[in-house]
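Undergrad: here you go, sequence then predicted model.
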Amino acid sequence: MFELFFIILFAVLFLFLIKSYKDDKIEKIEMRKRLMEEVDETPCYSISNEELESFKAMLLSEKILSIKVFQINDTFYDLKNKNQYIIDGGVEFNLPKGYLSFGFSSYFDQYVLNSEQFRKNYTHENEYELTQNDIPEIYNFINKRIIDVNFKIKEFNEIIDYTMKTQKIKKPIEIVLKFENDEILQLSSINFDLGKNSEPENYIYSNDEEILIAFKETNIKS
């Protein structure tokens, strides 16, 4: 009697373990499929050396016809004591050879550098354009000739498949333009800490947080 009971109990436990193993295996397969779909759906932004050369040719020795600066959230940082501004939208240059924007992309969910107008990159329709009263210094560069262009590129680790394998992807994080009269315009994609009086400090390069606008070369941690 007892032997039959233990045989039945063992059989039930064995069947339960087999079912649990199968369920666990199915769950893992489904999880991998979901991860694969998420990775496939997430666009990966990178920039090539050929694109950088093309953008440099658009800027070098040219005059800026017009500039637009965009903000997404309600407030931006006006750091008058440092002659710096921090925005979260982007900057658009209208040049003789076309448009060049360094700003946030709705599609890639990060900052991109390309030959498009800002509103073609950012499509959520909650942005607004800052005026000359907000950032007067940047508009002083209109009709001034660019004599030097420097791009800074950083490699970021991006997930490329469902196994969570990563690959180093090159992304633009900074533009420095120099003008005939030794003036400088620096645009850097950054993150920062909030220090005393909630003022940004400890800048570090990041490709999805904010853009620093500076009028002298500013060191930023990698």
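TA: Yep, that arrived.

Undergrad: which helices and strands sit right next to the helix or strand containing residue 170?
TA: Counting by DSSP states H and E, the element that carries residue 170 is strand 166-179. Helices and strands touching strand 166-179, by 3 or more Cβ pairs under 8 Å, 6 or more residues apart in numbering; DSSP states H and E, are strand 110-114, strand 146-159, strand 184-194. Heads up, the C-betas are built off the backbone N, CA and C, glycines and all.

Undergrad: what about the strands in the protein?
TA: With strands called from DSSP state E, the chain shows them at 66-71, 77-79, 84-87, 90-95, 98-105, 110-114, 128-130, 146-159, 166-179, 184-194, 200-205, 210-214.

Undergrad: in the sheet, who's paired with residue 149?
TA: residue 177 (DSSP bridges).

Undergrad: and if you look at residue 184?
TA: residue 178.

Undergrad: quick one, what contacts it?
TA: 176-178, 214-217 (Cβ atoms under 8 Å, 6 or more residues apart in numbering).

Undergrad: return a ChimeraX selection command for the buried portion of these.
TA: Only the buried members of those enter the following ChimeraX selection, criterion being 16 or more other Cβ atoms under 10 Å:
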select :176,177,178,214,215
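
Undergrad: in this structure residue 104 contacts residue 88, no?
TA: Yes: using Cβ atoms under 8 Å, residue 104 is in contact with residue 88, at 6.9 Å.

Undergrad: anything in contact with each of the two?
TA: residue 72.

Undergrad: who has more neighbours, these two?
TA: residue 104 (27 against 19; other Cβ atoms under 10 Å).

Undergrad: contacts only, for the more buried one.
TA: The contact partners of residue 104, by Cβ under 8 Å, 6+ apart, come to 72, 88-90, 110-112, 121-122, 208.

Undergrad: buried ones among the residues you listed?
TA: Judged by 16+ other Cβ under 10 Å, buried ones among the contacts of residue 104: 72, 88-90, 110-112, 121-122.

Undergrad: return the closest of the residues you listed with respect to residue 140.
TA: Comparing those against residue 140 with Cβ to Cβ picks out residue 90 as the nearest, at 19.2 Å.

Undergrad: who does the closest one form a beta bridge with?
TA: Note on residue 90: beta-bridge partners by DSSP bridges are residue 70, residue 103.

Undergrad: setting aside sequence neighbours, what's the nearest residue to residue 116?
TA: residue 101 (5.6 Å; Cβ to Cβ, 6 or more residues apart in numbering).
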